[in-house]
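[1] okay, predicted coordinates and the sequence, questions at the end:
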2 protein chains.
Amino acid sequence: RRCGEVRDAIFLKVGEDWIFLAILGIVMAFLSFTMDYIIEKCQEAKFWLYEELQFSLGLQYVAWVSYSMLFILFAVGFTHLVSPQAIGSGIPEMKTILRGVVLKEYLTFKTLIAKVVGLCSSLGSTLPFGKEGPFVHVASIVATLLSKAIGSFRGIYENESRRSEMLAAACAVGVAGTFAAPIGGVLFSIEVTATYFAVRNYWRGFFSAVCGALVFRLMAFWFKDEETITALFRTNLRTEFPFDALELFAFAAIGVACGFGGALFILTHRNIILFTRRHKKLSRFLQKNRFIYPSIITFIIASLTFPPGLGQFFGGELTGKMAINELFSNITWTTGQAEDMEDEAILRHWRHPLTNVYVTLVLNIIMNFLMAVFANTLPIPAGVFVPVFTLGAAFGRLVGESMAAWFPEGIPSGDTVRKIVPGGYAVVGAASMSGSVTRTISTAVIVFEVTGQISHVLPAVIAVLIANAVANIFQPSFYDSIIKLKK
Amino acid sequence: RRCGEVRDAIFLKVGEDWIFLAILGIVMAFLSFTMDYIIEKCQEAKFWLYEELQFSLGLQYVAWVSYSMLFILFAVGFTHLVSPQAIGSGIPEMKTILRGVVLKEYLTFKTLIAKVVGLCSSLGSTLPFGKEGPFVHVASIVATLLSKAIGSFRGIYENESRRSEMLAAACAVGVAGTFAAPIGGVLFSIEVTATYFAVRNYWRGFFSAVCGALVFRLMAFWFKDEETITALFRTNLRTEFPFDALELFAFAAIGVACGFGGALFILTHRNIILFTRRHKKLSRFLQKNRFIYPSIITFIIASLTFPPGLGQFFGGELTGKMAINELFSNITWTTGQAEDMEDEAILRHWRHPLTNVYVTLVLNIIMNFLMAVFANTLPIPAGVFVPVFTLGAAFGRLVGESMAAWFPEGIPSGDTVRKIVPGGYAVVGAASMSGSVTRTISTAVIVFEVTGQISHVLPAVIAVLIANAVANIFQPSFYDSIIKLKK
């Protein structure tokens, strides 16, 4: 009985809003960090295997392809058996739930397991997936379970309006936890899930997200990944003269192009799904043999990225995280000289002896576009944000490198002429492309938080706004497109 | 008739949302830039006069005091004659209007003139005022007038709900225009004016604010103030190791202190106003002789800041903008050696031969606190944001300098030990103090946009959240306090 009283007293405290939000943030940070660790180890294992088999090209190929297939097929099987609700991003469903629709079995423990395990496995395959969307879903489940555990004692979160407040905060934590970007995360989650929004929920999301981001970054520091608390994709671009006013036209052009690109991405994705549905026979066949479609897609993608094959021409061996880090680098790829080991690795990846930087980047964009579209039609837990972000970064880098080649000494306007920074273009491109696909403006904030530099704030916001406006003419957002498909 | 058709055709286009928003943003940028220019010239004139009269200390003193008094009394008289609605910040009133209350004569052309002229004059006096709040008011009037001009042809903004959408966007533009900080501006305006908020309005505000910020920064570039488009208070802090994880405790302490400080500020401000009201005789006397109270306050403040007098001990000759730039500087004041002319000027201002940096900073904080509180009770158009921001920056710098003196070699944790960056503390302090007084979290975003550096994002957000939580226990926000006073 004494024990029960203590427990009640603790839960009385825990039931209070802010403790609940802090716990939610911290739990999500732990989960995010652990999952990142597992995913990274899985990906490293693939590269290790590939390196170890250097004696035989054939074995290397078999290992490269079968490793990815194994992980994807496991994810397909596991999510199907445990909880099919875990399939996909999760943001469209959370949007539906927050509008008041009840989706059955969507916020249960089983779905949590399916989502977490499935996500680790699908991302471990090194195929182009993201974890932002799924993480919103995971955070919402954790919040629901947490509030139920408390609710059985206090009943505070039984109330319907409290529940949706809590879920709104959970969505923010989910996004913020992926990138350790609290501000952008809160805004992004508001944009993708809400239509009307209580300002009161804003600080809840913020508080929880900051708790999460703090613990996330502290863990990176404690486990000696980083020297101190720092940004995820920290850039080191020149800040004293980040860009010339005339370069704004180039940034605006990136916005327009990313607007079209984003709309095309959404259109292609929907048409692939509609195509398989429209053909009744094909659809029935694929549903009966549910491993066939994922196998084919994975086989093709893994074969294409095989480094000694086509992969060498477009940086196929790079995972999303590695690619983003290299695309955001400060060095100018066309003309720059490597100053350290890191630079050398970057140039080796993108400067192929048979082609040049432009061909590599164009190929990278085309291949990643197709791979990201097809990969996101697979029935596994997977997000679209990071692939699209990488795509935009590659496009921005392409524009930046072209500009640097066009104006080798910089744009002559005013008294000072300074060289162009292609890394800045990559940052702007990443924000625009992810903004146009998800139809949000807050990606402009997310890029600053993940790079730790804000010198390109104006170009990024302008390009993101243009990309949103252009994409809005042709297509709904990626998430709304999925909601429509599911109706 | 032909002319009328063309005009109608143009307004048909202009009536469209996005053209309207763009025009609003651009008009506000021009207005903001022009006003900044006028204010700066007025302030420079005061310093010029002061320098010219070096031969006589007495004349210097007379010039220093009478210059400020002249400007303040002109502002008092002008706003009283033209439109008393222009008095004060404007944010509390916009909050009331956006909740559906109709305030008479509040959004008219006369009020616009009174606000703009009065603001130039009150800020020109070099007393500690801000222009953020008044600018929200100005933007709302411009939006109303603009929509009326269009409305007489089209009637699109006659509609009540459209009108409040437009005003919400205008508030965002107003804040964004003050600092050329589009993201923080939009968020700040949402936090201070809205309770429930349509996500649709978010991109409107953003679009308009970005147009404004772009034109604002482009003008700074064209008029050769800046080499390129850059941040307002650009900092140059060390980014590769901005702070050690253990320093988070110091940042949290800044948050707690700024929370108390903000609450004290609001309490003091309210009590001064209530005091003059409670004494019926005093109140009647002051109302009849409306120049007496402003004269006394201005006389005292100007006398206190007189540089050869007490002013030399707390940087009294610095205007808000200059003080912020110096407080955010990268150099460590206690131990640092000046490397260039700029550093020398900074150290000359804050290292007094008779005292030391700490005394200067403590005096600066106390004096500025009192001056800002009293100055904001004067019946003139004036904002509270910049004074409070400066106050926070000074407090943060004080903590930072103390930390740097306490750990001269940096905090030894982990393998690397690097020196403490007091400028980072100033940035965090500025965000916390302004956050606690206005009760907003977005000040954390504003500081990154105005400094152009985001390396201290996590400490700033944590400190701002803590400051908000602490201040919330004791007092409502400054704006809500004013709303209560006016009821």
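    Yep, it's here.

[2] and A:L145, how many neighbours?
    A:L145 has 15 neighbouring residues, counting by other C-beta atoms under 10 Å in any protein chain shown. For every residue, glycine as well, the C-beta is placed using N, CA and C.

[3] sorry, slip of the keys, the one I care about is A:K95.
    There are 21 residues near A:K95, going by other C-beta under 10 Å.

[4] distance-wise, check it relative to A:V192.
    7 Å (C-beta to C-beta, to the nearest Å).

[5] between those two, what contacts are shared?
    Shared contacts of A:K95 and A:V192 (C-beta atoms under 8 Å, 6 or more residues apart in numbering or on different chains): A:Y479.

[6] can the helix or strand containing A:E344 be found next to chain B?
    Element membership of A:E344 [criterion: DSSP states H and E] is helix A:341-350. No. For a cut-off given as C-beta under 8 Å from any C-beta of the partner chain, helix A:341-350 has no contacts with chain B; the smallest distance is 14.2 Å.

[7] low-confidence ranges, the stretch 201-350 of chain A, go.
    Applying pLDDT under 70 to the stretch 201-350 of chain A flags the ranges A:224-233, A:235-241.

[8] same thing but at 80, please
    Applying pLDDT under 80 to the stretch 201-350 of chain A flags the ranges A:201-202, A:217, A:220-246, A:315-317, A:320, A:334-343.

[9] who's in contact with the residue of the stretch 351-487 of chain A found nearest chain B?
    Closest residue of the stretch 351-487 of chain A to chain B, C-beta to the nearest C-beta: A:I454 (4.3 Å). Counting by C-beta under 8 Å, 6+ apart, A:I454 touches A:F448, B:A231, B:F448, B:E449, B:G452, B:Q453, B:I454.

[10] go through those residues and name the one nearest A:N289.
    A:N289 has its nearest neighbour among these in A:F448, at 46.1 Å by C-beta to C-beta.

[11] which of the helices or strands spans the closest one?
    In this structure, A:F448 sits in helix A:443-451 according to DSSP H and E.

[12] distance from the chain centre to that helix, please.
    Remark: helix A:443-451 is offset 12 Å from the chain centroid, using C-alpha atoms, centre = their mean, to the nearest Å.

[13] with stretch A:102-114 instead?
    Worked out by C-alpha atoms, centre = their mean, stretch A:102-114 lies 22 Å from the chain centre.

[14] check whether the helix or strand where A:S189 lies comes near chain B.
    In this assignment (DSSP H and E), A:S189 forms part of helix A:182-193. Yes. Judged by C-beta under 8 Å from any C-beta, helix A:182-193 comes into contact with chain B at A:P182, A:I183, A:L187, A:I190, A:E191.

[15] confidence score at the residue of the stretch 351-487 of chain A closest to chain B?
    We have a pLDDT of 78 for A:I454.

[16] please report the distance of it from B:F47.
    Counting by C-beta to C-beta - A:I454 and B:F47 are separated by 32 Å.

[17] quick one, strands of chain A?
    A:196-198 (DSSP state E).

[18] now the helices for the stretch 51-200 of chain A?
    With helices called from DSSP state H, counting those that start in this stretch, the stretch 51-200 of chain A shows them at A:57-82, A:91-98, A:109-124, A:132-151, A:160-179, A:182-193, A:199-222.

[19] actually the stretch 301-450 of chain A, not the one I typed
    A:320-327, A:341-350, A:357-375, A:385-406, A:422-438, A:443-451.

[20] other SSEs contacting the last one?
    Same thing as helix A:443-451. Of the remaining helices and strands, those touching helix A:443-451 by 3 or more C-beta pairs under 8 Å, 6 or more residues apart in numbering or on different chains; DSSP states H and E are helix A:160-179, helix A:182-193, helix A:422-438, helix A:457-474.

[21] switch the cut-off to 10 Å
    Applying 3 or more C-beta pairs under 10 Å, 6 or more residues apart in numbering or on different chains; DSSP states H and E, we find helix A:443-451 packed against helix A:160-179, helix A:182-193, helix A:385-406, helix A:422-438, helix A:457-474, helix B:182-193, helix B:443-451, helix B:457-474.

[22] what's the mean pLDDT across it?
    The model assigns helix A:443-451 a mean pLDDT of 86.

[23] alpha carbons only: can I get the helix holding A:S189 in CSV?
    Coordinates of each C-alpha in helix A:182-193 appear next as CSV, following Å, rounded to 0.1, in the frame of the first residue of the first chain:
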residue,chain,number,x,y,z
PRO,A,182,13.7,21.8,-32.3
ILE,A,183,12.6,25.0,-33.9
GLY,A,184,12.2,23.7,-37.5
GLY,A,185,10.7,20.5,-36.1
VAL,A,186,7.9,22.3,-34.3
LEU,A,187,7.1,24.4,-37.3
PHE,A,188,7.3,21.5,-39.8
SER,A,189,4.9,19.4,-37.7
ILE,A,190,2.5,22.3,-37.5
GLU,A,191,2.6,22.8,-41.2
VAL,A,192,2.1,19.2,-42.2
THR,A,193,-0.5,18.2,-39.6
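
[24] how about the contacts made by whichever residue of the stretch 251-400 of chain A sits closest to chain B?
    For the stretch 251-400 of chain A, the residue closest to chain B is A:A252, as judged by C-beta to the nearest C-beta, at 10.4 Å. Taking C-beta atoms under 10 Å, 6 or more residues apart in numbering or on different chains, we find A:A252 in contact with A:V428, A:S432, A:P459, A:I462, A:A463, A:L465, A:I466, A:A467.

[25] any idea how far A:T335 is from A:G423?
    14 Å.

[26] as TSV, the helices and strands packed on helix A:443-451 with mean neighbour count and distance to A:W222 would be great.
    Shown next, in TSV, are those (neighbours: other C-beta atoms under 10 Å in any protein chain shown; distance: least, C-beta to C-beta, whole Å):
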stretch	mean neighbour count	distance to A:W222
helix A:160-179	25	17
helix A:182-193	28	19
helix A:385-406	26	25
helix A:422-438	32	28
helix A:457-474	24	31
helix B:182-193	28	31
helix B:443-451	28	24
helix B:457-474	24	15
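
[27] got those as CSV, with distance to B:V362 columns?
    Output for the helices and strands packed on helix A:443-451, formatted as CSV (distance: least, C-beta to C-beta, whole Å):
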stretch, distance to B:V362
helix A:160-179, 37
helix A:182-193, 32
helix A:385-406, 47
helix A:422-438, 41
helix A:457-474, 35
helix B:182-193, 29
helix B:443-451, 23
helix B:457-474, 20
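
[28] select, out of these, the one closest to B:G124.
    helix B:443-451 (21.8 Å).

[29] tell me the angle that closest one makes with helix B:422-438.
    130 degrees (axes from the mean of the first three to the mean of the last three C-alpha atoms, to 10 degrees).

[30] count of neighbours near the nearest residue to A:T305 once chain neighbours are set aside?
    With C-beta to C-beta, 6 or more residues apart in numbering or on different chains as the criterion, A:T305 has its nearest non-adjacent residue at 3.5 Å, and that residue is A:G316. By other C-beta under 10 Å, 25 other residues sit near A:G316.

[31] appreciated, that's everything.
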